[in-house]
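*Asks:* fold the following, please.
(2 chains)
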Amino acid sequence: MKAGLILRLVLIALLLALVLRPEWFAFAFAPFAPEGGPVIYQRASLLSLSLSHLGLVAAASLAATVLAGTLAILVTRPAGAAFRPLSRTITNLGQTFPPVAVLALAVPALGFGAGPTLVALFLYGLLPIFENAVTGLSTLPPSTVEAARGIGLNRWQRLVRVELPLAFPVILTGVRLSVVIALGTATIGSTVAAKTLGEVIIAGLLTNNTAYVLQGGLIVGLFAVLIYDALVSLEVRLARRLGLERKGR
Amino acid sequence: MIEIDQISKLYAGKAAVDSVSMTVETGTITGIVGTSGSGKTTLLRMINRLVEPSSGEVRINGEPTSSLAPHILRRRIGYAIQGHGLFPHYTVARNIAAVPRLLGWSKDKIAARVDELLDLFSMEPSQFRDRYPAELSGGQQQRVGVARALASRPDLLLMDEPFGALDPIIRSRAQDDLRRIQRTLGSTIMLVTHDMEEAIHLGDQVAVMDAGRLVQHAAPAEIIRAPATDFVAEMVGGVERPLRLLSLIPVADITEDGPTDGEAIDPQTSLRDALAMCLWAGREALPVARPDAPPGRVTLDAIRARAADHQ
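*Replies:* Numbering: from 1, shown residues only, chains lettered A, B, ... in the order given. You can find the predicted model right below:
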């Protein structure tokens, strides 16, 4: 537990240093830079790239969560059960389209910049959230659901007071998967001029500068690891509050 | 008073409950017994409209249940089920408070009611109020489930195999608790069970269901003495019938004057237990304590005569 905390703090410090004071790491990246070429990416501030990267991911994931969550709620109601296969097909379609293809198709409609990236991340993020939300909402303990009806909660009260809180840890797992996928996928948004950390990686690839690639990749990777970890601990805490892990104490 | 009037439920044209009528007096326990698929649970669930009847009507104190929206109706009817169905994300206090909160009771009134019920179920409020269901034993969870069903002082309490998930020792304690609490509160209870023993032990009335029909509705002694059909006779368990009958009668009923020695037994002891004690000790009679007289006695002959009394 204590070791885990120290490791987390070290990783956070490393990430902050990489974003705010990249020049400190010149010595480490120098061996990977081409002879006489630049070692540290300086065409844009890494902080603003990181914020814009995270912003894109957050906006796309939020939209995906709202849509996939709403769909999942609708198809787990008796009246919406008939639409479950259709919703599944739609969200699956979002996943089967490679994000690069979405970017290519969206650029003519939305122009260069953040728009196509948002669309790609949004579509790509739907499936895990939808599937988990459907699973969470349709595998609630039957006696609890029966009791909720039996003591006189109406549909809305059952959904808000019982079903969503109990399904929340499972839904959150879907959101976590989706966010982590989006963090990595967002980098390719820079091929259509979205401001993301992918810019650093792409600049490195174009100029044969491995130092850039490493720098960009390392920052994206650290973000992914830390955000994943934060969401896992949130899930564990929620599950514990729901009494799911209290047995045997 | 609960009146069930010609109520039926058809599934795909087949009757799960077939034109059942019965009346349940206020302040009594009715045990509804039957095998799996006899329609007993469907009958129970039609009373709070978890299942909508295909035809017929249920009236609670003269008011048809169809005159209210189902969720409003259910707030007036307690409901306790097998495996308790507690909300795992609510504390014990909040679980018990679920219906009073829906009814908009004040905070103080709810808190007082929660503590009152926990006391009634022998669970120290300060110790249990803030626990989560997963931190309780099976028997405690079941008690909280029943407490939740009783929280708003409902007109009627429906119980569907409430003790089904408990082991035999805890179950018999839970049954005694229910009986005691029902006497204290004067609740009207309808309880579904597949266990005739439980229905006879708890019920003021026993209703036997078979293939969707109500085949007999009578006091436990009547059910044992004069089963209406072969099915009922089989449910009461053929050779055990005399013993079941004796289990319903307290020794006080046939205590007579006469000399015996040894320690007097409680007058509420059942004749079945008295018989067992006689057989075990090889005695012909047992002394019985009497509240307003010197100890009397109950004899093996008297017990035997009582068991044969039904003819």
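*Asks:* quick one: pLDDT of the residue nearest to A:V225 when sequence neighbours are not counted?
*Replies:* In this structure, A:V225 finds its nearest non-sequential neighbour in A:L11, 6.8 Å apart by Cβ to Cβ, 6 or more residues apart in numbering or on different chains. Yep, even glycine has a C-beta here, placed from its N, CA and C like the rest. The pLDDT attached to A:L11 in the predicted structure is 88.
*Asks:* which SS state does the closest residue to chain B within chain A fall under?
*Replies:* Of all residues in chain A, the one sitting closest to chain B is A:A147 (2.9 Å; Cβ to the nearest Cβ). For A:A147, the secondary-structure state derived from DSSP: H, G, I helix; E, B strand; the rest coil is helix.
*Asks:* and the pLDDT for it?
*Replies:* The score at A:A147 is 90. That number is its pLDDT.
*Asks:* surely it meets B:I81?
*Replies:* Yes: with contact taken as Cβ atoms under 8 Å, A:A147 and B:I81 are classed as touching, separated by 6.2 Å.
*Asks:* between these two, which contacts overlap?
*Replies:* B:G145 (Cβ atoms under 8 Å, 6 or more residues apart in numbering or on different chains).
*Asks:* returning to what we had before: residue contacts, the closest residue to the residue of chain A closest to chain B other than its chain neighbours?
*Replies:* The shortest distance from A:A147 to any non-neighbouring residue, by Cβ to Cβ, 6+ apart, is to B:G85 (2.9 Å). Under the criterion of Cβ under 8 Å, 6+ apart, the neighbours of B:G85 are A:141, A:143-144, A:146-148, A:150, B:145.
*Asks:* as a markdown table, the residues you listed with neighbour count and distance to B:T65 would be great.
*Replies:* Converted to a markdown table, those look like this (neighbours: other Cβ atoms under 10 Å in any protein chain shown; distance: Cβ to Cβ, whole Å):
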| residue | neighbour count | distance to B:T65 |
| --- | --- | --- |
| A:P141 | 15 | 27 |
| A:S143 | 17 | 23 |
| A:T144 | 20 | 24 |
| A:E146 | 18 | 19 |
| A:A147 | 25 | 19 |
| A:A148 | 22 | 19 |
| A:G150 | 22 | 14 |
| B:G145 | 25 | 23 |
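*Asks:* looking at the residues you listed, which is nearest A:R21?
*Replies:* Among the contacts of B:G85, A:P141 lies closest to A:R21 (Cβ to Cβ), at 51.0 Å.
*Asks:* the residue nearest to A:V225: neighbour count?
*Replies:* Counted with other Cβ atoms under 10 Å in any protein chain shown, residues neighbouring A:L11 total 14.
*Asks:* state the distance from the spatially most central residue of chain A to A:A60.
*Replies:* Residue closest to the mean C-alpha point of chain A, counted by Cα atoms, centre = their mean, is A:V179 at 0.5 Å. Summarising the geometry, the distance separating A:V179 from A:A60, computed by Cβ to Cβ, to the nearest Å, is 9 Å.
*Asks:* overlap of the contact sets of those two?
*Replies:* Counting by Cβ under 8 Å, 6+ apart, the residues touching both A:V179 and A:A60 are A:G125.
*Asks:* thinking again about what came up before, how about the secondary structure of the residue nearest to A:V225?
*Replies:* The local conformation at A:L11, judged by three-state DSSP, is helix.
*Asks:* can you pull the contacts of it?
*Replies:* Applying Cβ under 8 Å, 6+ apart, we find A:L11 in contact with A:222, A:225-226.
*Asks:* now A:A167
*Replies:* A:A167 makes contact with A:133, A:136-137, A:140, according to Cβ under 8 Å, 6+ apart.
*Asks:* now B:E124
*Replies:* Going by Cβ under 8 Å, 6+ apart, B:E124 touches B:L118.
*Asks:* can you read off the pLDDT for it?
*Replies:* pLDDT at B:E124 comes out at 91.
*Asks:* could you do B:R297 as well?
*Replies:* 87.
*Asks:* backbone phi and psi for it, please?
*Replies:* Recorded main-chain torsions at B:R297 are phi -150, psi 160, according to degrees, to the nearest 10.
*Asks:* correct me, but it touches B:P259?
*Replies:* Yes: in this structure, B:R297 is within contact of B:P259 by Cβ under 8 Å, at 7.4 Å.
*Asks:* of these two, who's got more company?
*Replies:* For B:R297 against B:P259, the residue with the higher neighbour count under other Cβ under 10 Å is B:R297, and the figures read 22 against 9.
*Asks:* how about the contacts made by that one?
*Replies:* Taking Cβ under 8 Å, 6+ apart as the contact definition, B:R297 lies against B:255-260, B:285-288.
*Asks:* list the buried residues in the longest helix that chain A contains.
*Replies:* Longest helix in chain A by number of residues, with DSSP state H as the criterion: helix A:210-241. The neighbour-count criterion (16 or more other Cβ atoms under 10 Å in any protein chain shown) identifies A:210-220, A:222-224, A:227, A:231, A:235, A:239, A:241 as the buried residues of helix A:210-241.
*Asks:* stretch B:69-88 too?
*Replies:* Using 16+ other Cβ under 10 Å as the burial criterion, the residues of stretch B:69-88 that qualify are B:71, B:73-88.
*Asks:* may I have that stretch as CSV, with CA atoms only?
*Replies:* Coordinates of the C-alpha atoms in stretch B:69-88 are reproduced here as CSV (Å, rounded to 0.1, in the frame of the first residue of the first chain):
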residue,chain,number,x,y,z
ALA,B,69,-51.6,3.5,-8.7
PRO,B,70,-49.6,0.3,-8.1
HIS,B,71,-46.6,2.0,-6.5
ILE,B,72,-48.9,4.0,-4.1
LEU,B,73,-50.7,0.8,-3.2
ARG,B,74,-47.4,-1.0,-2.5
ARG,B,75,-46.4,1.7,0.0
ARG,B,76,-49.4,0.7,2.1
ILE,B,77,-48.6,-3.0,1.9
GLY,B,78,-45.4,-4.4,3.5
TYR,B,79,-43.5,-6.8,1.4
ALA,B,80,-40.8,-9.2,2.6
ILE,B,81,-39.2,-11.8,0.4
GLN,B,82,-36.8,-14.7,0.5
GLY,B,83,-33.2,-13.5,0.5
HIS,B,84,-34.4,-10.2,2.2
GLY,B,85,-33.8,-8.0,-0.9
LEU,B,86,-32.1,-5.3,1.2
PHE,B,87,-30.5,-2.4,-0.7
PRO,B,88,-26.8,-3.1,-0.4
